[in-house]
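Visitor: Sequence and predicted structure below; questions after.
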Amino acid sequence: LNRRLAEFGTTIFAEMSALAVATGAINLGQGFPDTDGPEEIREAAVRALRAGHGNQYPPGPGIPRLRTAIAEHQLRRYGLSFDPDTEVLVTAGATEAIAAALLALVEPGDEVVALEPYYDSYAASIALAGGRRVPVTLRPHDGAFRLDLDELRAAVTDRTRLLLLNTPHNPTGTVLTRAELTAIAELAVERDLLVVTDEVYEHLVFDDAEHLPLAAFPGMRERTVTIGSAGKTFSFTGWKVGWVTAAPALVDAVRAVKQFLTYVSSGPFQYAVAEALALPDSYFEEFRRSMLARRDILAEGLTAAGFEVFRPAGTYFVTTDIRPLGEKDGFAFCRALPERAGVVAIPNAVFYDDRQAGAPFVRFAFCKREEVLREAAGRLRRM
Ligand code: PMP
Ligand code: GLN
């Protein structure tokens, strides 16, 4: 393995899912739903496949019908207007979108400011691009992990090329507020920064939180690369359909890289996702409500089991602090948990440069059936 990637071993998600399979434990580690997305959308994929739609290479930017559906979704939800021909790119999941955006926009030695804890592919993709990651740590405050805007401003230097944001935020469940996004937009304009914003959990916000796309803030439309994913919104993580929306020059840059990573992907699934994006608002609301109910089951179960719970405002993850259980090393805790309790979780330390800072935090996914969450909570309470 080359030097750029030497520090990255096997991703924690593969390691922990393998542990779940080996021990038969309930897998609340890797974030994938245990119920597939809508039947009618699965049928749409089958229809596409049978009709010979997408069985051969689809167009490089994605099929026109899907690009149009992505643009219409952005318009309908956020009032953001994108030209499907020049401002939308279909990718092999959000993962490829992240990697291609960073490879396209970062020069070796450029600094990339990212919120810490960060989704694990960010660090690896920055490294592949030869960039230097500069973490800005979200810190617990009044039951949530919050961004310190002064720390963010201080992290930007003359070498900063872009900000890599994620809202709703994996793993903390933090949703950036209008005030925070306004300040981020002002900073980006003032320092002439690009922003890559990972908004794959855009439909999963709870209570009075609201998902606000950064691209809608003043001065951001031209400098923002927004990333979405059908894996999250429609519960088809195996289909690997993601997308980028951005100004034409930025989409061109990302596509220039994407064509040599995968060229194209997910042919028949692109047809199905085009239909999924056009589902009525009631689908998205029902999906959100079902995850909200699961959040509450898991959050209450974890509280009853003695964890300190950071009740997430978004995503389908809940971060906990294990210190009230007399534990302090999330890694050791997660490695022992399948044997101890029959449950798998993710140590947040892997999402930190400063592993010590993340040591006491452990993430549980709640994109599982309610009875599975209740069973897991019961096991943790009895452990
Ligand atoms: N970004 C975040 C924040 C995620 O949580 C995930 C998936 N867990 C991804 C990107 C990757 O999405 P995809 O499966 O579409 O590649
Ligand atoms: N995004 C998922 C998570 O955070 C995992 C995706 C993956 O395994 N690469 O759990």
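Guide: Cool, got the structure. Ligands and ions are numbered 1, 2, ... in the order given.
Visitor: make it CA atoms for all contacts and neighbour counts henceforth
Guide: OK.
Visitor: just the CA coordinates of stretch 75-83, formatted as CSV?
Guide: What follows is stretch 75-83, C-alpha atoms only, in CSV (Å, rounded to 0.1, in the frame of the first residue of the first chain):
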residue,chain,number,x,y,z
LEU,A,75,-36.1,22.6,-6.5
ARG,A,76,-39.1,21.2,-4.8
ARG,A,77,-37.5,20.8,-1.4
TYR,A,78,-35.2,23.8,-1.2
GLY,A,79,-36.0,26.1,-4.1
LEU,A,80,-32.6,25.5,-5.6
SER,A,81,-32.5,25.4,-9.3
PHE,A,82,-29.9,23.2,-11.1
ASP,A,83,-29.6,22.5,-14.8
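Visitor: Distance from it to the middle of the chain?
Guide: 21 Å (Cα atoms, centre = their mean, to the nearest Å).
Visitor: how about that stretch: buried residues?
Guide: Ser81, Phe82, Asp83 (16 or more other Cα atoms under 10 Å).
Visitor: Can you tell me which of those residues is nearest Glu186?
Guide: Ser81 (21.3 Å; Cα to Cα).
Visitor: Excluding chain neighbours, what is closest to that closest one?
Guide: Nearest residue to Ser81, sequence neighbours excluded (Cα to Cα, 6 or more residues apart in numbering): Leu75, at 5.3 Å.
Visitor: in what helix or strand does the one you found lie?
Guide: helix 64-78 (DSSP states H and E).
Visitor: what's that helix packed up against?
Guide: strand 88-91, helix 267-277 (3 or more Cα pairs under 8 Å, 6 or more residues apart in numbering; DSSP states H and E).
Visitor: Now do the last one against helix 64-78, angle only.
Guide: Using axes from the mean of the first three to the mean of the last three Cα atoms, to 10 degrees, the inter-axis angle of helix 267-277 relative to helix 64-78 is 30 degrees.
Visitor: mean confidence for helix 267-277?
Guide: Here helix 267-277 scores 98 as its mean pLDDT.
Visitor: Now tell me what touches the next helix or strand after it from outside.
Guide: The first helix or strand that comes after helix 267-277 along the chain, using DSSP H and E, is helix 281-304. Helix 281-304 is contacted from outside by 203-206, 233, 308-309, 311-312, 316, 318, 366-370, 373-374, 377-378, 380-381, using Cα atoms under 8 Å, 6 or more residues apart in numbering.
Visitor: Roughly how far does the closest residue to Leu28 other than its chain neighbours sit from ligand 2?
Guide: Sequence neighbours aside, Ala365 is the residue nearest to Leu28 in space, at 4.7 Å (criterion: Cα to Cα, 6+ apart). Counting by Cα to the nearest ligand atom, to the nearest Å, the gap from Ala365 to ligand 2 is 7 Å.
Visitor: Done for today, thanks.
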